[in-house]
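1. sequence and computational prediction follow.
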Amino acid sequence: MGTVAVHGLCKSFGKVQALDGVTLDVPDGSFFVVLGPSGAGKTTTLRAIAGLEKLDAGSVHLDGRDATGDAPAARDLAMVFQNYALYPRHTAYENIASPLRARRCSSSEIAAAVERMSNLLHIERLLQRRPAQLSGGEMQRVALARALVRHPRAFLMDEPLTNLDLKLRVEMRTELTRIHRSLGATFVYVTNDQVEALSMADQVAVLKEGKVQQVGTPTEVYERPANQWVAGFVGSPPISLLACHAEGDRLVGAQGWTLPRPRWTTAEDGRALLLGLRAEDLSVEQHGDASLSGELYGLEPLGDRTVVDVRVGTEILKVKARPTVTGTTGQRLLVTVDLDRAHLFDAGTGLSLSQAGR
Amino acid sequence: MAVSVDEAVSAGPARDRTPPARSLGGRGHAALEIALLTVLAVVMLFPVLWMIETSIKENRDVYAVPAQFFGFTVTMDHFKDVFVAPGGGRSALSVAFLNSVVVAGVSTVLATVLGVPAAWAYSRFAVKAKKDQLFFILSTRFMPPVVVVIPIFLMYRQVGLIDSKLGLILIYTAFNVPFTIWMMKGFVDEVPAEYEDAAMLDGYTRVQAFRRFTLPLLVPGIAATAVFALIFSWNEFVFAIFLTSSDSVRTAPPAIAGLIGGTTTDWGLVAAASVVFALPVLVFAYLVRKHLVAGVTLGAVRR
Ligand SMILES: Nc1ncnc2c1ncn2[C@@H]1O[C@H](COP(=O)(O)OP(=O)(O)O)[C@@H](O)[C@H]1O
Ligand SMILES: [Mg+2]
């Protein structure tokens, strides 16, 4: 068993409201990702679960039991800290052994467990070194080993891959997913990297300024963002947002364009809206009836694809295109829109208006 | 973060990255600098040299007029007199030195044992009105000892602590604890709280986490703080002279001062006693000098 449920967490540091009613339900054995920009309250959320932060309000339930006031040691959780927090005077071996020593395991048990971990994370060579003699990636793996060496109720991981270089990060992503599967344990994983969130998570909770914006599977969060902010934060290149309003059977853009009104919108005429279009739902190559006209603003070749920036009035559309696409700045372009996959948001509240009809 | 603390603590010489001495420019300036520094050194060191010299001169040379700076007869008699009474047996001065060792040592240990956990608490926990409390603690050091010595004297007389080593130990501890808290808080602030957080998740209690993971990192700071506390207790004069009177309780500072006066003063003995008095602190500070420098730059100054 390893369920983690937090309800209505509130925590302020002086004037900063770090957590403002955070409620999360982490099912047993899931890879649960908390995604949000820096300062969103992700670390504070993890620390609250771990019992390291005194809460202003809210409760923490572990395996269905109220653990709100319990000491960290009593919660049976393991945590990987954002900056590792490896003990500087101890070797990597002693760092990894620490949770077992706290539990008074025998030294043969400890040796076996540390060896298992060092094989798993490929740190056999590093065991006798101290943290100061390790690179960032190596410290990262030692910190992971220290968490994984025992079988706690759940693992809490605070941006464990953020400080790694890209190649190692991609490797470790796969590795962690594999470890998660083989352990079948509950992971609460914090990151500001939406690619990590989408590729690793069973469930994603998107956090902003101490408030949960949306909880769902990666597909749900990507395909049906609950609000304009989530739509903008999740996805790369970021979603393009165009100001518009509905008028009869048309959508009229603030920049003067018109598109057929999608069947699924319920917004009344005249209400200020934002039309959200993802790069892959736009095309400069095919030609359909729903299209916007603009001029080429820039090309961003990314190897497997090229992102074409198209200027429509004063707004920029990011369009995904084949890597072979060419053009000159200022050239007129017609952008075809897949309206069935478009998003509409209330320009005032930012809330999605797309959910209803789909 | 983890790296820098560890380095700062362990690597002595490597940390010694003092900025290159600011040159005033040109040779003339360098000569001036050297001249000024020489004058300063002579002014500062001459009394010390004179004390050492007097302690090893024969009495004839001590009282010679004009004073003999070179070419005197060397003798160790004065040092013998410090420790051995004229009729044989222990001298009053040697008892005073022993008293000083006990009083300074015990009060330093007590101040450290009380002050370090307090500093940790002030650094780690949300204490109500923390700043006011810390200011209040420091404010007890604002007044010079002589201001409180009369009330302390009266109180001690009531409770029977007058003319006792315990009385001195208590008052020195009381004076050293605020200082220890303040200096140690700087050191504890430097050690990331996350080591303790990690330890608590590993399964240790808060106190175990402190003892096993933070305390070892504080050793240089504790050494530096203890030296300062020790120096205070060792040198303290005002309380010692007011609160103690018998030879069996008296510490070295009032005992040495007591040698001066009367019809004649045995300057050789005074000088030898002073040398013996100055040595322990010098030796101790020398032994922990690495910690002292690392400690002072790490905790007290950088904040
Ligand atoms: N110990 C603290 N003291 C003061 N402010 C803090 C503290 N911890 C976090 N905060 C503030 O709370 C907010 C959320 O912080 P955090 O949970 O660390 O965000 P994240 O991990 O998502 O980057 C930030 O604005 C941060 O500055
Ligand atoms: Mg964080």
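-> Okay, I see it. Ligands and ions are numbered 1, 2, ... in the order given.

2. spatially central residue for the chain, please.
-> As the question left the chain open, I've gone with chain A. In chain A, the centroid-proximal residue (CA atoms, centre = their mean) is A:L35; its distance is 3.2 Å.

3. right idea, wrong chain: chain B
-> Residue closest to the average C-alpha location in chain B (CA atoms, centre = their mean): B:I231, at 1.5 Å.

4. pretty sure A:E295 contacts A:V308?
-> No. When contacts are counted by CB atoms under 8 Å, A:E295 is not listed as touching A:V308 (11.0 Å). Using the backbone N, CA and C atoms, a C-beta is placed for each residue, glycine as well.

5. which of the two has more neighbours?
-> A:V308 (26 against 14; other CB atoms under 10 Å in any protein chain shown).

6. sheet partners, orientation included, of whichever strand or helix holds that one?
-> Assigned by DSSP states H and E, A:V308 falls within strand A:306-312. Strand A:306-312 pairs in its sheet with strand A:291-301 (antiparallel), strand A:315-321 (antiparallel), by DSSP bridges.

7. contact residues of chain A facing ligand 1?
-> A:F13, A:V16, A:A18, A:G36, A:S38, A:G39, A:A40, A:G41, A:K42, A:T43, A:T44 (CB under 6 Å from any ligand atom).

8. how about 8 Å then?
-> By CB under 8 Å from any ligand atom, the residues of chain A that approach ligand 1 are A:11, A:13-14, A:16, A:18-19, A:36-47, A:82, A:158-159, A:190, A:192, A:207, A:210.

9. tell me which of those residues fall in helices.
-> Counting by DSSP state H, the part of the residues of chain A next to ligand 1 found in helices is A:K42, A:T43, A:T44, A:T45, A:L46, A:R47.

10. which positions within stretch B:270-285 qualify as buried?
-> For stretch B:270-285, the neighbour count (16 or more other CB atoms under 10 Å in any protein chain shown) marks B:V270, B:A271, B:A272, B:A273, B:S274, B:V275, B:V276, B:F277, B:P280, B:F284, B:A285 as buried.

11. again but with stretch A:268-276, I slipped
-> In stretch A:268-276, the ones that count as buried by 16+ other CB under 10 Å are A:L273, A:L274, A:L275, A:G276.

12. how about stretch A:70-87?
-> Residues of stretch A:70-87 classed as buried: A:72-73, A:75-87 (neighbour count, 16+ other CB under 10 Å).

13. so how far does it reach from one end to the other?
-> Stretch A:70-87 stretches 24 Å from its first residue to its last (CA to CA, to the nearest Å).

14. returning to what we had before: centre of the chain to the strand holding A:V308, how far?
-> The gap between where strand A:306-312 is centred and where its chain is centred comes out at 26 Å by CA atoms, centre = their mean, to the nearest Å.

15. quick one: residues in contact with that strand.
-> Residues outside strand A:306-312 that contact it (CB atoms under 8 Å, 6 or more residues apart in numbering or on different chains) are A:237, A:242, A:253, A:255, A:257, A:279, A:284, A:292-300, A:316-325, A:327, A:333, A:335.

16. hmm, back to that, shared neighbours of A:E295 and A:V308, anything?
-> Common contact partners of A:E295 and A:V308 (CB under 8 Å, 6+ apart): A:L333.

17. where does B:Y156 land in three-state SS?
-> The local conformation at B:Y156, judged by DSSP: H, G, I helix; E, B strand; the rest coil, is helix.

18. export the ones in helices among the residues of chain A next to ligand 1 to TSV and tack on pLDDT?
-> Converted to TSV, these look like this (pLDDT from 0 to 100):
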residue	pLDDT
A:K42	97
A:T43	97
A:T44	97
A:T45	97
A:L46	97
A:R47	97
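
19. apart from its neighbours in sequence, what residue is nearest the residue in chain B positioned nearest to ligand 2?
-> Using CB to the ion, the single residue of chain B nearest to ligand 2 is B:E194, 11.9 Å away. Closest residue to B:E194 apart from its sequence neighbours, by CB to CB, 6 or more residues apart in numbering or on different chains: A:A85 at 3.9 Å.

20. about what we covered before: next up, phi/psi of the residue nearest to the centre of chain B, please.
-> Torsion angles at B:I231 (phi, psi; degrees, to the nearest 10) stand at phi -60, psi -40.

21. who touches it in this structure?
-> Per CB under 8 Å, 6+ apart, neighbours of B:I231: B:V281, B:A285.

22. any idea how far it is from B:M143?
-> According to CB to CB, to the nearest Å, B:I231 stands 20 Å off from B:M143.

23. contact partners of stretch B:48-56?
-> Stretch B:48-56 is contacted from outside by B:62, B:69, B:72, B:74-76, B:78-79, B:267-268, B:270-272, B:274-275, using CB under 8 Å, 6+ apart.

24. give me the low-pLDDT residue ranges for the chain?
-> Picked chain A for this. The model of chain A has pLDDT under 70 over residues A:355-358.

25. wait, chain B was what I had in mind.
-> Applying pLDDT under 70 to chain B flags residues B:1-26, B:294-303.

26. adding secondary structure and distance to B:W120, write the buried residues of stretch A:268-276 out as TSV.
-> Formatted as TSV, the buried residues of stretch A:268-276 follow (DSSP: H, G, I helix; E, B strand; the rest coil; distance: CB to CB, whole Å):
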residue	secondary structure	distance to B:W120
A:L273	strand	57
A:L274	strand	53
A:L275	strand	57
A:G276	strand	52
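
27. wait, what's in contact with the closest residue to B:T73 other than its chain neighbours?
-> Leaving aside its chain neighbours, B:T73 sits nearest to B:E58 (4.5 Å; criterion: CB to CB, 6+ apart). Residues counted as contacts of B:E58 (CB under 8 Å, 6+ apart) are B:F72, B:T73, B:V74, B:T75, B:D77, B:G268.

28. same thing but 10 Å
-> Shown in contact with B:E58 (CB atoms under 10 Å, 6 or more residues apart in numbering or on different chains): B:A64, B:Q68, B:F72, B:T73, B:V74, B:T75, B:D77, B:H78, B:G268.

29. dump the residues you listed to CSV, plus distance to ligand 1, secondary structure and neighbour count.
-> Converted to CSV, these look like this (distance: CB to the nearest ligand atom, whole Å; DSSP: H, G, I helix; E, B strand; the rest coil; neighbours: other CB atoms under 10 Å in any protein chain shown):
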residue, distance to ligand 1, secondary structure, neighbour count
B:A64, 70, coil, 12
B:Q68, 68, coil, 15
B:F72, 67, coil, 17
B:T73, 70, coil, 11
B:V74, 65, strand, 9
B:T75, 66, coil, 16
B:D77, 65, helix, 14
B:H78, 61, helix, 24
B:G268, 62, helix, 23
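
30. from the residues you listed, which is closest to B:Q133?
-> B:H78 (49.8 Å; CB to CB).

31. now A:L183: how far from A:A147?
-> Look at A:L183 and A:A147: by CB to CB, they are 11 Å apart.

32. shared neighbours of the two, anything?
-> Common neighbours of A:L183 and A:A147, using CB under 10 Å, 6+ apart, are A:F155.

33. put the alpha carbons of the helix or strand containing A:D25 into CSV.
-> Per DSSP H and E, A:D25 falls inside strand A:16-26. Extracted as CSV, the C-alpha positions of strand A:16-26 are listed here (Å, rounded to 0.1, in the frame of the first residue of the first chain):
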residue,chain,number,x,y,z
VAL,A,16,4.2,34.8,0.3
GLN,A,17,1.3,32.3,0.1
ALA,A,18,3.3,29.3,-1.0
LEU,A,19,0.3,26.8,-0.8
ASP,A,20,-3.2,28.0,-1.2
GLY,A,21,-5.6,25.0,-0.7
VAL,A,22,-3.7,22.2,-2.4
THR,A,23,-5.6,19.0,-2.7
LEU,A,24,-4.1,15.9,-4.3
ASP,A,25,-5.0,12.3,-4.4
VAL,A,26,-2.2,10.0,-5.2
